[in-house]
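> build me a model from this:
(2 chains)
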Amino acid sequence: MSALIVGASAGLGRALAESLARGGHDLYLLASDDRDLEPLAQDLSLRYGIRIHYEAMDLMNTELVGLRERVLAALPDLDNLLLIAGYSDARAVGPLADADCLRLMTINFVAGVRLINLFLGHLMARQGGNIVGAGSVAAARGRSNNAVYAASKRGLEFYFETLRHFLALSKSPCRVQWYRLGYMQTRMTFGQKLMFKSIAPEVAAAAITQNLGKDIPLRYLPRWWFIIMTIIRSLPWPIFRRLDI
Amino acid sequence: MESRLVSLDRFSATEVALEEPDRYRDLLDRPWTDGALIARGAGLSYVAASFGQDVVSVGMRHFNRILALDTRAGWIEVEAGITLGELFAFLTPRKLFLPVQPGYPGITVGGCIALNVHGKNQFRDGTFRSQILGITLFHPDHGILELSEARDPEILELTAGGMGLTGMVLRVRLKVAQLRSASVRVRHIPVTSLAEAFAKVAQLTGEYDLLYSWNDLSAFDRNQGRGYVTAARFLDEAGVRNKTGLQNETGIREFPKVTGRSKLDPCQKRFRPNLFNDVCMRPINRIYHALGTFDPRERGVSLGQFLFPAVGREFYFDWFGPPGFLETQMLIPGERIDAYLEDFIPLLRNHGRPVALTTIKAFRGERSLLNYDGSGFSFTLDVANRPENLAFLGNLDTLNGKFGVLSNLAKDSRLPVGVVREQYGAGYDLFRKRLREFDPKRRFVSSLSRRLEL
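Purely as a prediction, here's the structure:
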């Protein structure tokens, strides 16, 4: 068992690394800063005795040459690709500067699609392979706040939907799982007054780890977000347009 | 985030800005302004060491990873936000442990360094600084500093026991000891008076691996401070398992990873009944004494339960009610203990109010800077936070001055700076001078450092 985690340095990505390591998965960790990756790799290796590799990579970097080879050289039996990285800017309301727009779309959408394509050929053939994506409840219905972030996540969600269809037609054993994550206790939400209860990344990581191998087109985490988002999605436009949510 | 932070004794509380970086970029690359800062571990210090008015508290709990282990050389390297419980769970199956650690697994290693804590056998093992081999310290004006006996030993000395005033401890290399077993054999030896408890601790020191006493000072006129000495030895695993039938094979007790609020968290709003009042405290202590002494036989206890006795007893801290309590811990020179008790006992009798908890430990060491260290007996008293008890502790300060007693700055939230200056003398002046030489801007500040005029 082995996994490539994109966005492993903190929050849900780090919690997933710990959860998978505890389950005996060998890991390849990707994130932007090796000052975080190195101690995490040392910790997981010491605690769980797994094989672990890491690489600092900025998802804004358009150069992916060699990544596939490096990952597969380290983990020839790579089973799981987990796309957890995300970037959100709380100030992102209204028209954005072009650079901010590009950053949001690249990290939340473009990089995800490119990374999946990089490993799709390998994972398609893997019995027990999984491609896992982390989206957001923000992408459930278009609203004024965080628009580019939400649209990018929704774009990636759509790509996962096509991927699932493609793998089904190809009769691939590889499974796809897409999560719309609710509030999580990370740096993104620290200190914010939230409308609903947040969950620890460890709780979400445990659920995602447990669901590996299942076919999950879309699932809310925690699952009660389904009720909230169903209500929000059902609101008629004349009401919704008045809500500042 | 604006948060109301509270000391463990609930004597101090302040609204502060709390930050919790979860990656090094947010800790090291951030342009820290000239405003005051202080690192915060688990927030379980008795005193306000990790917060202060207009001070940004920087939570370090996400920096809690194990970085390296050398079993042959006997050291482990960890990030400072790791808790003792996490470390215990990692080390014990590898037959290793930290000899010096305080009694709650949620406490972080960084907190232990800042307050140079002691464990169950300071006489033999020393204080926490005795197991520090090196520290990686971050200070916005100095960058990252590697401290060891070979490199910047003065700053290392200033940091271990420096109340977090030299910067943020990022990493630490600690000596670990071989663990003979994950269980200990414990005996409760009854004593009929406070004086006998001191004598018994003195007599048994060296015979046992872990040693401390509990005394009932809630009704001194009736029971003379009777109690019992808890004495424990490591035994080989098989011996304990066969003779006592511990429930699990190793006796290792796993502790939950402290990622959020621990049960001790003083900032947590919850119901706190005021049971340690003048009426209830005496019967409660009588019951506790009876439970501790009814069976004098040796019994097997897992090391985790023994090292972390506060686990499962968090209610103790709540039972002082919303006003909280005060702990005072005093290091009394061994040769003056009889004379000290001659003056202390009348003071206690005149006070007439019950003391909730009293413990005695034997100490051996050298006094330095503001460390609670030296030779003699560590004598701890917990009292409810009430005006009469504050007056009693004030009188105790006067008595302590007469006998060359050292008060633990990490325990006593009301200790006035005048008393500290008098007790620590040259150590206080030297600490203050060195701290100013290292950090002329004095960027790391807390309510504790302000009270002590550091």
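
> for chain A, which residues are neighbours of chain B?
A:9-11, A:14, A:33, A:35-36, A:39-40, A:42-43, A:46-47, A:185-187, A:190-191, A:200, A:202 (Cβ under 8 Å from any Cβ of the partner chain). All C-beta spots, glycine's among them, are computed from the backbone N, C-alpha and C.

> now intersect those with the helices, please.
A:11, A:14, A:35, A:36, A:39, A:40, A:42, A:43, A:46, A:47, A:202 (DSSP state H).

> between the residues you listed, which sits nearest residue B:182?
residue A:47 (17.8 Å; Cβ to Cβ).

> contacts only, for that closest one.
Applying Cβ atoms under 8 Å, 6 or more residues apart in numbering or on different chains, we find residue A:47 in contact with A:21, B:66, B:90.

> name the nearest residue to residue B:119, ignoring sequence neighbours.
Distance criterion Cβ to Cβ, 6 or more residues apart in numbering or on different chains; nearest residue to residue B:119, sequence neighbours excluded, is residue B:100 at 4.2 Å.

> for PyMOL, what selects the buried ones among the residues of chain A next to chain B?
To isolate the buried members of the residues of chain A next to chain B in PyMOL, using 16 or more other Cβ atoms under 10 Å in any protein chain shown:
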select buried, chain A and resi 9+10+11+14+33+35+36+39+40+42+43+46+47+185+186+202
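
> for residue B:47, helix, strand, or coil?
What DSSP: H, G, I helix; E, B strand; the rest coil gives for residue B:47 is coil.

> chain A contacts on chain B?
For chain B, the residues in contact with chain A (Cβ under 8 Å from any Cβ) are B:1-2, B:18-26, B:28, B:62-63, B:65-69, B:79, B:90, B:259-260.

> can you flag the buried ones in these?
Judged by 16+ other Cβ under 10 Å, buried ones among the residues of chain B next to chain A: B:18-24, B:26, B:28, B:62-63, B:65-67, B:69, B:79, B:90, B:259.

> from the residues you listed, which ones fall inside strands?
Judged by DSSP state E, strands contain the following of these: B:18, B:19, B:66, B:67, B:69, B:79.

> which helix or strand contains the residue lying closest to the first one once chain neighbours are set aside?
The shortest distance from residue B:18 to any non-neighbouring residue, by Cβ to Cβ, 6+ apart, is to residue B:3 (4.2 Å). Using DSSP states H and E, the secondary-structure element containing residue B:3 is strand B:2-6.

> now that strand: mean pLDDT?
The average pLDDT within strand B:2-6 is 90.

> show the contacting residues for residue A:161.
A:178, A:217.

> pretty sure it belongs to a strand, no?
No. Residue A:161 is assigned helix when assessed by three-state DSSP, not a strand.

> and it, how close does it get to chain B?
Separation of residue A:161 from chain B (Cβ to the nearest Cβ, to the nearest Å): 31 Å.

> distance between the ends of stretch B:405-415?
Counting by Cα to Cα, to the nearest Å, you get 13 Å between the two ends of stretch B:405-415.

> swap in stretch A:50-61?
End-to-end for stretch A:50-61, by Cα to Cα: 29 Å.

> list the buried ones in that stretch?
Buried-residue list, stretch A:50-61, by 16+ other Cβ under 10 Å: A:50, A:52, A:53, A:54, A:57, A:59.

> what lies in contact with it?
A:2, A:6, A:8, A:21, A:24-34, A:37-38, A:40-41, A:44-45, A:67, A:70-71, A:74-75, A:85, A:103, A:106-107, A:111.

> filter those down to the buried ones.
Buried by 16+ other Cβ under 10 Å: A:2, A:6, A:8, A:21, A:25-34, A:37-38, A:40-41, A:44-45, A:67, A:71, A:74-75, A:85, A:103, A:106-107, A:111, out of the contacts of stretch A:50-61.

> can you flag which of those belong to strands?
A:2, A:6, A:26, A:27, A:28, A:29, A:30, A:31.

> okay, these in JSON lines with distance to residue B:319 and pLDDT next?
Shown next, in JSON lines, are these (distance: Cβ to Cβ, whole Å; pLDDT from 0 to 100):
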{"residue": "A:2", "distance to residue B:319": "51", "pLDDT": "95"}
{"residue": "A:6", "distance to residue B:319": "49", "pLDDT": "96"}
{"residue": "A:26", "distance to residue B:319": "49", "pLDDT": "97"}
{"residue": "A:27", "distance to residue B:319": "46", "pLDDT": "97"}
{"residue": "A:28", "distance to residue B:319": "51", "pLDDT": "98"}
{"residue": "A:29", "distance to residue B:319": "46", "pLDDT": "97"}
{"residue": "A:30", "distance to residue B:319": "50", "pLDDT": "96"}
{"residue": "A:31", "distance to residue B:319": "46", "pLDDT": "95"}
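
> nearest to residue B:342, of the ones in strands among the buried ones among the residues of chain B next to chain A?
residue B:18 (47.5 Å).

> state the distance from the spatially most central residue of chain A to residue A:4.
In chain A, the C-alpha nearest the mean C-alpha coordinate belongs to residue A:84, at 2.5 Å (Cα atoms, centre = their mean). Distance, residue A:84 to residue A:4, using Cβ to Cβ, to the nearest Å: 11 Å.

> do residue A:223 as well
26 Å.

> the more surrounded of the two?
Per other Cβ atoms under 10 Å in any protein chain shown, whichever of residue A:223 and residue A:4 has more neighbours is residue A:4, with 26 against 10.

> shouldn't that one be within a strand?
Yes. Assessed with three-state DSSP, residue A:4 lies in a strand.

> who's in contact with it?
Residue A:4 neighbours (Cβ under 8 Å, 6+ apart): A:27, A:28, A:30, A:71, A:75, A:78, A:80, A:81, A:82, A:119.

> spatially nearest residue to it (excluding sequence neighbours)?
residue A:28 (4.6 Å).

> could you list everything that neighbour pairs with in the sheet?
Beta bridges link residue A:28 to residue A:4, residue A:53, judged by DSSP bridges.

> hang on, it packs against residue A:76?
No. Residue A:28 lies out of contact with residue A:76 (Cβ atoms under 8 Å); the separation is 11.3 Å.

> quick check: closest non-adjacent residue to the residue of chain A found nearest chain B.
Nearest residue of chain A to chain B, counting by Cβ to the nearest Cβ: residue A:191, 2.8 Å away. The shortest distance from residue A:191 to any non-neighbouring residue, by Cβ to Cβ, 6+ apart, is to residue B:1 (2.8 Å).

> check contacts around the one you found.
A:190, A:191, B:17, B:18, B:19.

> need the max-distance pair from the residues you listed.
The widest separation within the contacts of residue B:1 (Cβ to Cβ) is 11.8 Å, between A:190 and B:17.

> now the helices: where do they sit in chain A?
Ranges of helices in chain A, per DSSP H, are A:11-22, A:34-48, A:67-74, A:98-105, A:111-124, A:147-169, A:201-211, A:225-234, A:237-240.
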